[in-house]
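> Just a sequence and a predicted model for now, questions to come.
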Amino acid sequence: MLRAHTTTRRFTDQLWEQTEGLRRAIDDLEFLRRLGDGTLPLEAFRVYIEQDSLYLTGYAKALALLATKAPDPQTAAFWANSSATAATVESAMHEQLLTGGVLPPREGEPEHTPTCLAYVSYLIAAAATESYAVAAAAALPCFWIYAEVGRDLAARAAQVIAADPAHPYAQWVTTYGAEEFQQSAATARALVDAAAESANEHERAAMATAFTLATRYELLFWDTALHPRPWPAG
């Protein structure tokens, strides 16, 4: 179960609680279960990595925009550094997975699925048009849910990786389960809590809506790798 590790109630606890049903649905996804036990078809993992690469390009833009709205230099630096990491470090890992000869090749360039395009478009639009607090809440699920999924997958996939350290899924699982990524998620969460403290009731409600929308997209994004929803033909 995706879980929040807290001892005192924070604004983000409210966000976590209100999305419990969505997070349970993420927990139960066939894609994540089979990724954890190593039985996910390589084709489905390639589709996921391709879409995640496209997503990261858009997410980096959203975080860069968010940095320009940050209330102080330290906060701006975090979002800007996160944007750079998404655009370089994470993207490089994805490129290595796609070109390393382990995953099946594909012909032509991948295009955004409807879900991927909708998600990145929403995040960029939120960062460009909403307040800093609302945009930060929209960006948080990608940090927080990935961190929780990564930690759980690292535990579930331990035997698979121990038996085959070169398993195609090992690099992805160990990256998002690593302490550095966990700490980034904790910082992002703390910044959203700080933004909520300065927000009025109306803005906090908008933050809650943004977090829920992004969490819905997280669920759809994971699921469509194994159960694609293609564009209409034409």
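That came through fine.

> Grab the nearest non-local neighbour of residue 156.
Excluding the flanking residues, the one nearest residue 156 by Cβ to Cβ, 6 or more residues apart in numbering is residue 36, at 3.6 Å. From N, CA and C alone the C-beta is placed, and that goes for glycine too.

> Check what contacts the helix or strand that contains the one you found and list those residues.
Per DSSP states H and E, residue 36 falls inside helix 30-37. Contacts to helix 30-37, defined as Cβ atoms under 8 Å, 6 or more residues apart in numbering, come from residues 26, 40-41, 44-45, 48, 149, 152-153, 156-157, 160, 169, 173, 222-223, 225-227.

> what element comes up after that helix heading to the C-terminus?
According to DSSP H and E, the helix or strand after helix 30-37 is helix 42-69.

> Average pLDDT for that next one, rounded please.
The pLDDT scores in helix 42-69 average 93.

> Report the inter-axis angle for that helix versus helix 30-37.
If you take axes from the mean of the first three to the mean of the last three Cα atoms, to 10 degrees, helix 42-69 sits at 110 degrees to helix 30-37.

> elements contacting whatever helix or strand comes next after helix 42-69?
Using DSSP H and E, the next helix or strand after helix 42-69 towards the C-terminus is helix 73-85. In terms of contacts (3 or more Cβ pairs under 8 Å, 6 or more residues apart in numbering; DSSP states H and E), helix 73-85 is packed against helix 42-69, helix 132-156, helix 179-198.

> now the longest one, how far from the chain's geometric center?
Relative to its parent chain, helix 42-69 has a centroid offset of 8 Å by Cα atoms, centre = their mean, to the nearest Å.

> Return the angle between stretch directions for it and helix 132-156.
Going by the same axes, to 10 degrees, helix 42-69 makes 150 degrees with helix 132-156.

> Could you list every helix and strand in contact with helix 42-69?
Using 3+ Cβ pairs under 8 Å, 6+ apart, the elements in contact with helix 42-69 are helix 30-37, helix 73-85, helix 91-99, helix 114-129, helix 132-156, helix 201-226.

> Quick check: residue 132 touching residue 68?
No: between residue 132 and residue 68 there is no contact under Cβ atoms under 8 Å: 9.1 Å.

> between those two, which one's more packed in?
The neighbour count for residue 132 versus residue 68, taken as other Cβ atoms under 10 Å, is higher for residue 132 (22 against 12).

> Count the neighbours of the residue nearest to the more buried one when sequence neighbours are not counted for me.
Sequence neighbours aside, residue 69 is the residue nearest to residue 132 in space, at 3.9 Å (criterion: Cβ to Cβ, 6+ apart). By other Cβ under 10 Å, the residues close to residue 69 number 18.

> now swap in residue 201 and tell me
So residue 201, with other Cβ under 10 Å, has 7 neighbours.

> Next up, phi/psi of residue 165, please.
Here is the backbone geometry of residue 165 (degrees, to the nearest 10): phi -60, psi -20.

> contacting residues for it?
Taking Cβ under 8 Å, 6+ apart as the definition, residue 165 has no contacts.

> Need the pLDDT of it.
The model's pLDDT for residue 165 equals 76.

> Could you check how far it is from residue 113?
Counting by Cβ to Cβ, to the nearest Å, the separation of residue 165 from residue 113 is 31 Å.

> swap in residue 126?
Residue 126 is 20 Å from residue 113, by Cβ to Cβ.

> where does residue 228 land in three-state SS?
Per DSSP: H, G, I helix; E, B strand; the rest coil, the local secondary structure of residue 228 is coil.
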